[in-house]
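> from the sequence below, what's the structure:
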Amino acid sequence: MEKGNKKLVIDQLPQRFNEGLFWGNGFIGGFLYVVGNSLRFSVDNIHLWETRDTTEDMPAAKFQDFVKNPELFHDGTFTRQTDLQEPRIWRTHLPGLSLNIALEDEIIDFYGELDFATGSSDIQVTLKNGKKVNCSVYVDSNVNILKVQLDTTQSNIEIKGWDTQGGNLPQLARWNYPKYKEEKEGQVSHVLQPFSERGLSVISLIKKSKQVYIALDANTLGDEEDVNSPFSSDTRQELIDTNTALLNSYIEREVVFKEAHDASWRHFWNRFDINIPNDRLQQAFYQEMYKIYANERKGSWPVTLQGVWNNDTRMPAWYGDWHNDLNVQACYWPAYKTNNIELAEAYIDYYTRAIPRLTERAYKLFGIADAIHCPVMMGPDGYGVGGEWCSWNVLLGPELFVATDFCWYYEFSRNLVKLECSIYPFVEKVIHLYQGIAYLGEDGYYHIPFTNSPEVFQQGSMLIKDDATVVIATLHYLLDHMEHYAKLLGKDGDKFVEFKKQLTPLKTTEKGYPLFPDEEVFESHRHFCQLFPIFPLGIDTHSEIAEKSLNAVVDMGFLEYASWSFPYLAIFASRCGRGNMARTMLEVYCMAFRAKNTFVVNGDPNQNGILKIADTNAGESSDAFTLEAGFMVAAALSEMFVHRSKDTVYIAFGIPDDWNSCSCSNMTIEGGHKISVIIEKYIIKSVTVQANCNETIQFSFAKLTGELILDGHRLPTGEKYTVSLMEGKTTSFGVYHE
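Okay, the predicted model is just below:
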């Protein structure tokens with residue numbers, strides 16, 4: 001990372017929880033804001049979940065009932081309701097816990113710098129009495145420690161559990177969550193916060209002079225433990241002992257831990273880079289890549305909507321769940337594309353472990369054994385949030401988004417072990433679901449009933465029809481890949497070949513890809529899932545159909561978009577060779593949809609005039625944030641330099657006309673090949689390809705003047721150049737000069 005000194009600066013009081021500085025290591029996260037005279041940290045742990053649902057674990061109607069009687073879906077007949085006399089419980093992410101540092105007077109000014117290169121911050125606050133207080137903060141990259149160092153001893157430091165009487169947390173009191181308990185053992189203070197049915201979280205603190213060390217762990221009570229007495233359980237003492245040992249070890253060997261922390265961040269940033277002559281987008285790239293590494297590690301859990309940054313005074317927006325659509329997919333696009341494939345392992349492993357529940361869901365809703373159905377809104381282990389069988393969670397389709405990511409993992413890694421143990425069995429079960437619900441039409445093809453194209457509504461109801469473009473395109477994509485995977489693994493792939501032959505073909509019209517075969521795009525909406533063949537499937541790019549499809553979206557206007565619609569459009573623009581549009585869409589997103597600390601804001605609360613006038617267009621308050629929109633920025637910038645569609649690699653098709661010089665290092669494409677590009681004076685000067693496997697592919701270049709040389713040899717002039725890549729070998733393109 002050549003520009004490792006790039007920093008995020010916050011120079012005003014962060015008084016809302018989406019305005020402050022933030023740190024994380026994939027397991028815990030810290031988030032800072034100011035309340036009166038206090039520096040308040042929300043300290044989050046990925047295991048803080050309510051895992052119960054008091055609704056009956058059975059849909060009120062089968063999928064086949066919805067197909068025959070769509071009104072059962074639209075009028076909510078299937079929705080399970082609990083006894084209104086009982087407090088309703090549903091699965092949801094839970095808030096973080098609190099570290100509160102009360103200074104001697106009110107904080108009236110704030111200046112903080114977050115260094116992306118080291119994952120650490122230096123902060124100075126000014127008090128009403130004129131004094132200045134300096135502190136430094138980081139979350140260790142490798143162990144669950146938050147460290148805060150102050151230059152004053154005039155402070156009162158407390159750790160706290162949930163205030164179930166404040167914010168919107170009385171919900172926790174209605175669920176009979178007990179108040180947290182404070183304990184002290186020697187120099188270590190502990191706060192014990194029971195949660196869920198069997199959960200217990202312990203946040204622990206040691207203060208050494210001007211240094212504060214926080215450890216946070218959470219676990220589930222053992223089966224033999226008394227859930228009515230979590231404060232006296234064996235797990236309680238285990239968590240206390242674990243935190244205490246970690247804190248003492250950290251303090252004794254802090255230099256060693258800090259060196260490992262810094263080395264971890266250096267290793268991350270040295271794997272890739274993008275350099276562009278646009279400071280706003282350059283900064284956005286670094287900001288979002290920092291967030292990815294702060295949220296994801298091998299062995300952690302996949303990134304939820306707010307990741308490791310849930311607030312300590314309110315329930316997470318949208319249940320803080322995994323949204324099994326673009327929200328989940330977009331979190332991983334830049335991991336695949338920036339040579340960080342290992343950051344997607346936790347996602348693949350987690351959903352693989354959830355197969356038993358996802359299989360159970362498919363049987364209960366569809367009556368099909370050995371199949372997979374994913375809820376749109378997912379909590380731990382494949383269970384739905386917001387009500388197990390609520391309207392969103394009985395929709396067909398989310399498993400296709402997840403299955404596409406599974407294929408992507410293999411395509412970018414070529415990891416045969418993951419293919420055999422995780423990817424093949426998962427995707428096979430997804431396909432089995434669709435084989436089970438397909439019906440034979442009069443045209444002789446199989447069709448898929450009761451599909452949707454997120455999130456298109458008509459006359460106030462979700463538009464449900466057969467054969468949504470996103471569904472049919474993704475099924476063909478999965479079947480093609482599974483036929484190939486079967487051959488690699490020595491399995492019989494004939495069932496995939498036969499189903500593909502019998503499945504209705506993907507339809508196009510004069511306007512490109514429609515929402516459904518008989519339904520063109522008819523209004524501004526935010527998901528663009530009818531464009532799935534262009535991205536992320538890559539079935540059809542740089543074509544007349546792709547151009548028409550993008551034009552149809554643009555013609556509808558942007559008033560009903562969401563924040564992430566704009567970087568998503570930037571990706572489509574790159575895949576249609578529209579670099580200027582790609583840049584503009586990213587600029588609009590960065591200017592209109594980010595709080596000062598770069599987290600997304602929903603709707604158009606800052607009145608930029610970008611969307612239809614409303615407080616929010618996503619069902620939550622305007623100070624709620626999610627992460628996937630920003631991750632799309634990093635993915636889009638990668639796409640602008642290089643992307644692959646089938647057997648062709650496109651170089652610089654998303655670079656705008658006004659970027660004189662720019663470059664990328666180790667951008668990754670399908671096949672796991674790493675590509676570096678240098679553009680000078682508006683033309684491509686060099687391209688290097690580090691091959692990950694043996695493969696013959698074509699290269700197409702957007703900005704060329706003159707002939708190309710390949711490994712020192714001149715190439716005949718052409719629109720595409722066929723190259724045989726060899727595993728481990730670096731292939732170099734350059735411009736030929738007389």
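
> where exactly do the helices run in the stretch 551-700 of the chain?
Applying DSSP state H, counting those that start in this stretch to the stretch 551-700 of the chain gives helices spanning 565-574, 579-592, 628-641.

> what about Gln124, distance to Phe110?
According to CB to CB, to the nearest Å, Gln124 stands 8 Å off from Phe110. Where you see a C-beta, it was placed from the backbone N, CA and C, and this is true even at glycine.

> between these two, who's got more neighbours?
Ranked by neighbour count (other CB atoms under 10 Å), Gln124 and Phe110 place Phe110 first, with 22 against 14.

> so who does that one touch?
Residues near Phe110 by CB atoms under 8 Å, 6 or more residues apart in numbering: Ile10, Asp11, Gln12, Leu13, Pro14, Val34, Ile123, Gln124, Val125, Thr126.

> filter those residues to the buried ones?
Using 16 or more other CB atoms under 10 Å as the burial test, the contacts of Phe110 include Ile10, Leu13, Pro14, Val34, Ile123, Val125, Thr126 as buried.

> and of those, the nearest to Met726?
Ile10 (48.5 Å; CB to CB).

> just list whatever residues bridge to the nearest residue to that closest one once chain neighbours are set aside.
Excluding the flanking residues, the one nearest Ile10 by CB to CB, 6 or more residues apart in numbering is Gly112, at 4.6 Å. Counting by DSSP bridges, Gly112 is bridged to Ile10, Ile123.

> how much space between the residue nearest the centre of the chain and Pro302?
Centrality entry for the chain: nearest residue to the mean C-alpha point is Cys331, 2.3 Å, by CA atoms, centre = their mean. Cys331 is 7 Å from Pro302, where distance means CB to CB.

> ok, now Asn275?
Relative to Pro302, Asn275 is positioned 30 Å away (CB to CB).

> if you count what's nearby, which of the two comes out ahead?
Counted by other CB under 10 Å, Asn275 and Pro302 do not tie: Pro302 has more neighbours, with 22 against 14.

> quick revisit: tell me the one of the contacts of Phe110 nearest Lys160?
Here the nearest of these to Lys160, counting by CB to CB, is Val34; it sits at 16.4 Å.

> please name the strands paired to the strand or helix carrying that closest one in the sheet, noting orientation.
Per DSSP states H and E, Val34 falls inside strand 28-35. When pairing is defined by DSSP bridges, strand 28-35 lines up against strand 22-24 (antiparallel), strand 38-45 (antiparallel).

> wait, which of these is closest to Ala573?
Using CB to CB, the nearest of these to Ala573 is strand 22-24, at 30.0 Å.

> how far off centre is the closest one?
16 Å (CA atoms, centre = their mean, to the nearest Å).

> returning to that earlier point: reformat the strands paired with strand 28-35 as a markdown table; add mean pLDDT, distance to Glu56 and mean neighbour count.
Listed next are the strands paired with strand 28-35 as a markdown table, based on pLDDT from 0 to 100; distance: least, CB to CB, whole Å; neighbours: other CB atoms under 10 Å:
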| stretch | mean pLDDT | distance to Glu56 | mean neighbour count |
| --- | --- | --- | --- |
| strand 22-24 | 97 | 37 | 26 |
| strand 38-45 | 96 | 30 | 25 |
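
> now those strands in TSV, with distance to Gly460?
TSV is the format used below for those (distance: least, CB to CB, whole Å):
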stretch	distance to Gly460
strand 22-24	38
strand 38-45	37
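
> among those strands, which is nearest Val497?
Nearest to Val497, of these and by CB to CB, is strand 22-24 at 44.8 Å.

> just the residues contacting that closest one, thanks.
Contact with strand 22-24 is made by 29-32, 114, 119-121, 137-139, 146, 294-295, 307-309, 597, as judged by CB under 8 Å, 6+ apart.

> how about Thr352: what's its closest non-neighbour residue?
Nearest-residue entry for Thr352: Ser422, 4.3 Å, with adjacent residues in sequence omitted and distances by CB to CB, 6+ apart.

> check contacts around Lys128.
Neighbours of Lys128 in contact, by CB under 8 Å, 6+ apart: Asp105, Glu106, Ile107, Ile108.

> switch to 7 Å and redo it
Counting by CB atoms under 7 Å, 6 or more residues apart in numbering, Lys128 touches Asp105, Glu106, Ile108.

> which of those residues are buried, as a ChimeraX select command?
ChimeraX command restricting the contacts of Lys128 to the buried ones, with burial defined by 16+ other CB under 10 Å:
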select :105
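
> a markdown table please, covering the contacts of Lys128 and showing pLDDT and secondary structure.
Formatted as a markdown table, those follow (pLDDT from 0 to 100; DSSP: H, G, I helix; E, B strand; the rest coil):
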| residue | pLDDT | secondary structure |
| --- | --- | --- |
| Asp105 | 96 | coil |
| Glu106 | 97 | coil |
| Ile108 | 97 | strand |
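
> now, which of the contacts of Lys128 sits nearest Ser453?
With CB to CB as the yardstick, the closest approach to Ser453 among those comes from Ile108, at 50.7 Å.

> I'd like to know how far the closest one sits from Lys132.
For Ile108, the distance to Lys132 (CB to CB) stands at 11 Å.

> OK, contacts around Leu503?
Residues counted as contacts of Leu503 (CB under 7 Å, 6+ apart) are Tyr445, Tyr446, Leu475, His476.

> now do the phi/psi pair for the last one.
What it means is His476. For His476, the backbone dihedrals are phi -60, psi -40 (criterion: degrees, to the nearest 10).

> residues near it, how many?
Neighbour tally, His476, other CB under 10 Å: 19.

> then the second one?
Counted with other CB under 10 Å, the neighbours of Tyr446 add up to 20.

> let me see the ranges of the helices in the stretch 101-250 of the chain.
With helices called from DSSP H, counting those that start in this stretch, the stretch 101-250 of the chain shows them at 170-174, 234-252.

> equivalent analysis for the stretch 301-450 of the chain, please.
Using DSSP H, counting those that start in this stretch, helices in the stretch 301-450 of the chain cover 326-337, 345-353, 355-366, 398-413, 416-418, 424-437.

> winner for burial among these?
Per-stretch averages of neighbours, counted by mean count of other CB atoms under 10 Å, single out helix 326-337 among the helices of the stretch 301-450 of the chain, with a mean of 26.

> next, the angle from that one to helix 398-413.
When axes from the mean of the first three to the mean of the last three CA atoms, to 10 degrees is applied, the directions of helix 326-337 and helix 398-413 differ by 0 degrees.

> and helix 326-337, what does it pack against?
helix 279-295, helix 398-413, helix 628-641, strand 662-668 (3 or more CB pairs under 7 Å, 6 or more residues apart in numbering; DSSP states H and E).

> partners of the shortest one in the sheet?
Sheet partners assigned to strand 662-668 using DSSP bridges are listed as strand 273-275 (antiparallel), strand 674-680 (antiparallel).
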